[in-house]
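Asks: This is a predicted model, with the sequence first.
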Amino acid sequence: MRILSYLLPWQFSPLACAVFTVTLVLYVRGLAVLRRSGAPVGPWRPFVFFLGLALNYAVLQTYFDYLAQHMFWVHRLQHLILHHIGPALLVLSAPVSVLRAGLPAPVWRVLRASWVRRPIGLLWRVLQNELLAPVLFVGLIYFWLTPSVQFLAMLSQRLYLLMNWSILIDGILFWWMILAPIEAQGAAAVPYGRRVIVLTAVALPQIVLGAYITLCSRPLYSIYAVCGRAWHISPMLDQQLGGLLTWIPGAMMSAVGVLVILHHVLQAERRALAQARAKAADPPAGVPA
């Protein structure tokens, strides 16, 4: 029973419950539809998707959320998952085809209507812009880690929810732009070379901010002294651990992103080579083999 209590929501959020439930139902339904149509999805992609979904849910709707509100380093771990690890896993699972298959037909017809598709497409292209996306990605980290803003967000339930959801949504948008294959992105796709530049650009500000928080000689976040810490550790140790989580893992995600991009490049080259060989082996019509 004690373990179960840790898995229950610390502060129940109807929004989180609805979003995660609908997403899970659509994905499971999509898997069933694809399996019936003869196009089943292998075990790897669903595993990665469920892992990403479970991590995001855990840091938002379990006892972990209580710890994030009472320990700075746990809060930074929460945002590391919401902004980096969880969204990256969701994108790597390539869930679009499965979620699309899981949509009821009437909903899909509405989404395909021009009066819905055009404004959504315009907004999508703006948010996937290679100049704006990294600014939003790094800007949200800096904004929510401003000590005065952090103080207010931890005292206001609405601001706290806004902080966490803005971090999660922005993470999904950013990592989709970076990690999804070009052929899955359509007109908004950013070339692979420029994605590497974007990853380099977002890594440096995170390193600077993490180093500043870690090496600062005074406590920056007094809110955790006001609310009380879940564990009895010194404010400076709490801050240093949180700074290290901002400094090292956040920047390392850029290196992981570069490796994924290199994988996409190699896959594209292999497909191009295979197509060239097939074309060479298949002579034009009317020409004897």
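Replies: That came through fine. Residues are numbered from 1 along each chain as shown.

Asks: got a list of contacts for the helix or strand hosting residue 198?
Replies: Following DSSP states H and E, the helix or strand that holds residue 198 is helix 192-215. The contact list for helix 192-215 (C-beta atoms under 8 Å, 6 or more residues apart in numbering) reads 130, 133-134, 137-138, 141-142, 145, 177-178, 182, 190, 220, 239-240, 242-248, 250-251, 254, 257-258, 261, 264-265. To be clear about C-beta, it is placed using only N, CA and C from the backbone, and glycine gets the same treatment.

Asks: ok, now stretch 91-106?
Replies: Residues outside stretch 91-106 that contact it (C-beta under 8 Å, 6+ apart): 23, 25-31, 33-34, 37, 41, 45-46, 48-49, 52, 108, 111, 172, 175-176, 179-180, 184, 260.

Asks: Identify the residues contacting residue 221.
Replies: Listed by C-beta under 8 Å, 6+ apart, the contact set of residue 221 reads 72, 147, 150-151, 239.

Asks: I meant residue 238, not that one.
Replies: With C-beta under 8 Å, 6+ apart, residue 238 has these contacts: 71-73, 224, 229.

Asks: Excluding covalently adjacent residues, which one is nearest to the residue most central in space within the chain?
Replies: Nearest residue to the geometric centre of the chain (C-alpha atoms, centre = their mean): residue 87, 1.9 Å. In space, and not counting its chain neighbours, residue 87 is closest to residue 171: 3.6 Å by C-beta to C-beta, 6 or more residues apart in numbering.

Asks: Just the buried ones from the contacts of stretch 91-106?
Replies: 23, 26-27, 29-31, 34, 41, 45-46, 48-49, 52, 172, 175-176, 179-180, 260 (16 or more other C-beta atoms under 10 Å).

Asks: quick one on the thing from earlier: out of the contacts of helix 192-215, which are buried?
Replies: If we count by 16+ other C-beta under 10 Å, the contacts of helix 192-215 have these buried: 130, 133-134, 137-138, 141, 145, 177-178, 190, 220, 239-240, 242-247, 250-251, 254, 257-258, 261, 264.

Asks: residues of stretch 256-275 that come out buried?
Replies: The neighbour-count check on stretch 256-275 (16+ other C-beta under 10 Å) flags 256-258, 260-261, 264 as buried.

Asks: Kindly report the same for stretch 221-228.
Replies: Of the residues in stretch 221-228, those buried under the neighbour-count criterion (16+ other C-beta under 10 Å) are 221, 223-224.

Asks: now, which of the residues you listed lie within helices?
Replies: Assignment to helices by DSSP state H places the following of the buried residues of stretch 221-228 there: 223-224.

Asks: circling back to that earlier point, take the contacts of residue 238 and lay them out in a markdown table including secondary structure.
Replies: Compiled in a markdown table, the contacts of residue 238 are given as follows (DSSP: H, G, I helix; E, B strand; the rest coil):
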| residue | secondary structure |
| --- | --- |
| 71 | coil |
| 72 | helix |
| 73 | helix |
| 224 | helix |
| 229 | coil |
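
Asks: And for residue 42, the neighbour number?
Replies: Neighbour count of residue 42, defined by other C-beta atoms under 10 Å: 7.

Asks: hmm, I was thinking of residue 174
Replies: Residue 174, neighbours per other C-beta under 10 Å, totals 27.

Asks: and the gap between it and residue 139?
Replies: Residue 174 is 11 Å from residue 139, where distance means C-beta to C-beta, to the nearest Å.

Asks: Show me which positions of stretch 65-84 end up buried.
Replies: Neighbour-count burial for stretch 65-84 flags 65, 67-84 (criterion: 16+ other C-beta under 10 Å).

Asks: helix or strand right after the helix or strand of the chain with the lowest mean pLDDT?
Replies: Across the helices and strands of the chain, mean pLDDT, DSSP states H and E gives its lowest value to helix 2-7, namely a mean of 75. As assigned by DSSP H and E, the chain's next helix or strand after helix 2-7 is helix 14-36.

Asks: what does that following helix contact?
Replies: Residues outside helix 14-36 that contact it (C-beta under 8 Å, 6+ apart): 9, 40-41, 46, 49, 53, 56-57, 60-61, 95, 97-103, 161, 165.

Asks: Now list the buried members of those.
Replies: Here, 16+ other C-beta under 10 Å leaves 41, 46, 49, 53, 56-57, 60-61, 95, 98, 101-103, 161, 165 buried among these.

Asks: can you tell me which residues contact the spatially closest residue to residue 181 that is not a sequence neighbour?
Replies: Distances taken as C-beta to C-beta, 6+ apart put residue 264 closest to residue 181, at 5.3 Å, once the chain neighbours are dropped. Taking C-beta under 8 Å, 6+ apart, we find residue 264 in contact with 181-182, 192.
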